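> everything below, folded, please.
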Amino acid sequence: NCGTASLTWTIAGATSGSSTSAGINFIGSRVFNIGISNVTYIITDKSGNTSSCVCTVSVSDTTRPYVKFMPNNTVFTTIDSCSKVVAVSNPVITDPCGVTSVSWSMTGATIRSSSLSGINYLGKQLYNVGTTTVSYAIKDVFGNTTVTSFVVRVKPLDPAFCGFAKDEIDNLGENEQISLSLSPNPTSNYFILQIKSSTSKVTTINVYSSNGKRVEMLKSISGNVIRFGEKYSSGVYYIDVIQGEIRRTIKGLKQ
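Numbers count the residues shown, from 1 in each chain. Next up is the predicted model:
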């Protein structure tokens, strides 16, 4: 009733800060760190009476690390070998808060795994003849985890030497082909994605923003034309196409 002399605020916890000690100060828009921050307002009237209130701002990270899908590999052994050393490139990982662990495991023709802690990349590994599925698990500092898989196929030049019949080797993971076309790119409205492949398997399309957050998941089959993105905000998007064991990524720009 006597009028306000000052309004001040302080922030403590995951985020810290304070206003000036005089005048009328509102916190307005402010960047808060991940975690819990307590905001305290203190109001003083012109007679020196004060009152305070506290509110809590809680910010959490629920975005999984973004991992660019790894390509499948098909290699051939020498004439007198049933295994092959294959060098696999490290995955491209993006996470705004940081990654705490990268681990991998192999199943199928080759069985092997890394430590579950620390940063572990495949590098060069010995693979047995056959199809080996390699899975990467990436965890960020807040426990969000992304798992991605790809295939390494090893074919012997001499099937009999490794105990295979010729037709078994001929059917050992035939190379499937897939091609993507995204237009218009860049776009100011929507994207049109066309998928052409050698199989009729159902295709999963995951669209990720530049910070790794999945914004949409779509389903399709080879030959279909998919229209999407009308409601997307401006920015860079990564469109990951998964068809069976094939993974392909194409980048789009929304203006």
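> ok, which stretches of the stretch 1-150 of the chain are strands?
Taking DSSP state E, counting those that start in this stretch, the strands of the stretch 1-150 of the chain run over residues 4-13, 17-18, 35-45, 50-59, 66-67, 73-76, 83-88, 93-94, 99-108, 112-113, 123-128, 130-140, 145-155.
> in a markdown table: those, plus mean pLDDT.
Formatted as a markdown table, the strands of the stretch 1-150 of the chain follow (pLDDT from 0 to 100):
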| stretch | mean pLDDT |
| --- | --- |
| strand 4-13 | 96 |
| strand 17-18 | 95 |
| strand 35-45 | 96 |
| strand 50-59 | 96 |
| strand 66-67 | 88 |
| strand 73-76 | 85 |
| strand 83-88 | 92 |
| strand 93-94 | 90 |
| strand 99-108 | 93 |
| strand 112-113 | 92 |
| strand 123-128 | 93 |
| strand 130-140 | 90 |
| strand 145-155 | 88 |
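> pick the most buried one from those.
Mean neighbours per residue, mean count of other Cβ atoms under 10 Å, is largest over these for strand 66-67, with a mean of 22. For every residue, glycine as well, the C-beta is placed using N, CA and C.
> what's in contact with that one?
91-95, 136, 138, 146, 148, 208, 211-213, 238 (Cβ atoms under 8 Å, 6 or more residues apart in numbering).
> tell me the one among those nearest to G28.
N211 (24.2 Å; Cβ to Cβ).
> spell out the secondary structure type for the closest one.
Under DSSP: H, G, I helix; E, B strand; the rest coil, N211 falls in the coil class.
> just give me the neighbour total for it.
Neighbourhood size, N211 [other Cβ atoms under 10 Å]: 13.
> tell me how many other residues surround the nearest residue to it once chain neighbours are set aside.
Leaving aside its chain neighbours, N211 sits nearest to P96 (5.4 Å; criterion: Cβ to Cβ, 6 or more residues apart in numbering). When neighbours are defined as other Cβ under 10 Å, P96 has 14 of them.
> can you pull the poorly scored residue ranges out of the stretch 151-255 of the chain?
165-177, 198-201, 221-223, 244-247 (pLDDT under 70).
> run through the helices of it in chain order.
166-170 (DSSP state H, counting those that start in this stretch).
> partners of the residue most central in space within the chain in the sheet?
Geometric centre of the chain, nearest residue: Y66, 1.8 Å, by Cα atoms, centre = their mean. Y66 has these beta-bridge partners by DSSP bridges: T94.
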